[in-house]
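K.L.:
Show me the folded form of this:
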Amino acid sequence: MASGLIFIIIVVALVLYMGSLYNRLVSLKNRHQNAFAQIDVQLKRRYDLIPNLVETARSYMAHESKTLEAVVAARNDAYNRLQQASANPGDGDAIHGLAQAENRLGGALGKLNVTMEAYPDLKANQTMMQLSEELTSTENKVSFARQAFNDAVTEYNTARQSFPANLFVSLFGHTKDVTLLEFDDRAAIQAAPKVSF
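P.N.:
The predicted structure is shown next:
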């Protein structure tokens, strides 16, 4: 009788633990997906600003079409990679592809910034100054959103990997770690927020 009662208590405790673990993992997964949605919003805002920036610069920089085309191509690639990552923020390949595309875009914007130094009239243009300010503000928001995403991903991955949770997570479909959104080329990502015209 006593051994049956102990068995029932152990089973109930295990069921309660598994229910609690399941709910915690779902909550953490939703948190990192929401954090990625915030990145999505800010990056789309950034991608919407870039064509305006290029069009404003185009009227002053007729001889710099390759630089402008590189920015547009990098922007379009980054936008497409964002769409892929947004469809599944847990897909490591999509997150890695987005990070690489953002590095290329940051590098292209950095080259555009350097090229624009030779055009003082463009730097003094009111529209260009406003776009620059909006782009810088958006870059800061992207940085904060990326940090929040990485914090949420770290918390989720830690919960998955911790003992004894790691014994049960595959039962709930939480079989893979989520990839952090990191940028390999620190110089390229630092170039984008420094856009000053």
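K.L.:
Tell me the buried residues in the helix or strand hosting Asp121?
P.N.:
Taking DSSP states H and E as the definition, one finds Asp121 inside helix 120-124. Judged by neighbour count (16 or more other CB atoms under 10 Å), helix 120-124 contains these buried residues: Leu122. From N, CA and C alone the C-beta is placed, and that goes for glycine too.
K.L.:
same for the helix or strand that that helix is followed by, what does it pack against?
P.N.:
Heading C-terminal from helix 120-124, the first helix or strand you meet, by DSSP H and E, is helix 126-161. Packing partners of helix 126-161 (3 or more CB pairs under 8 Å, 6 or more residues apart in numbering; DSSP states H and E): helix 2-58.
K.L.:
The helix or strand just after the helix it packs on relative to helix 2-58, how many degrees between them?
P.N.:
Of the helices and strands lying after helix 2-58 in sequence (DSSP H and E), the nearest is helix 65-87. Computed by axes from the mean of the first three to the mean of the last three CA atoms, to 10 degrees, the angle separating helix 65-87 from helix 2-58 equals 160 degrees.
K.L.:
Show residues contacting helix 65-87.
P.N.:
Residues outside helix 65-87 that contact it (CB atoms under 8 Å, 6 or more residues apart in numbering): 36-37, 40, 43-44, 47, 50-51, 53-54, 57-58, 61, 91, 94-95, 97-98, 100-102, 104-105, 107-109, 111-112, 115.
K.L.:
and that helix, how far from the chain's centre?
P.N.:
Offset of helix 65-87 from its chain centre (CA atoms, centre = their mean, to the nearest Å): 14 Å.
K.L.:
And for stretch 139-148?
P.N.:
Centroid displacement of stretch 139-148 relative to its chain, using CA atoms, centre = their mean, is 8 Å.
K.L.:
can you give me the mean pLDDT across that stretch?
P.N.:
On average, the pLDDT along stretch 139-148 is 92.
K.L.:
and what of stretch 109-126?
P.N.:
Mean predicted confidence for stretch 109-126 is 83.
K.L.:
Packing partners of the helix holding Asp121?
P.N.:
Secondary elements touching helix 120-124 (3+ CB pairs under 8 Å, 6+ apart): none.
K.L.:
just use 56 as the starting number from now, easier for me
P.N.:
Right, with 56 as the first residue, what we last looked at is helix 175-179.
K.L.:
roughly how far out does that helix sit from the chain middle?
P.N.:
32 Å.
K.L.:
what's the answer for stretch 154-171, then?
P.N.:
With CA atoms, centre = their mean, you get 17 Å for stretch 154-171.
K.L.:
buried ones in that stretch?
P.N.:
For stretch 154-171, the neighbour count (16+ other CB under 10 Å) marks 154-168, 170-171 as buried.
K.L.:
among those, which are in strands?
P.N.:
In strands, defined here by DSSP state E, there are no members of the buried residues of stretch 154-171.
K.L.:
confidence score at Arg241?
P.N.:
For Arg241, pLDDT reads 45.
K.L.:
repeat for His229
P.N.:
85.
K.L.:
so it sits right up against Leu80, yeah?
P.N.:
Yes - the pair His229 and Leu80 qualifies as a contact (CB atoms under 8 Å) at a distance of 5.1 Å.
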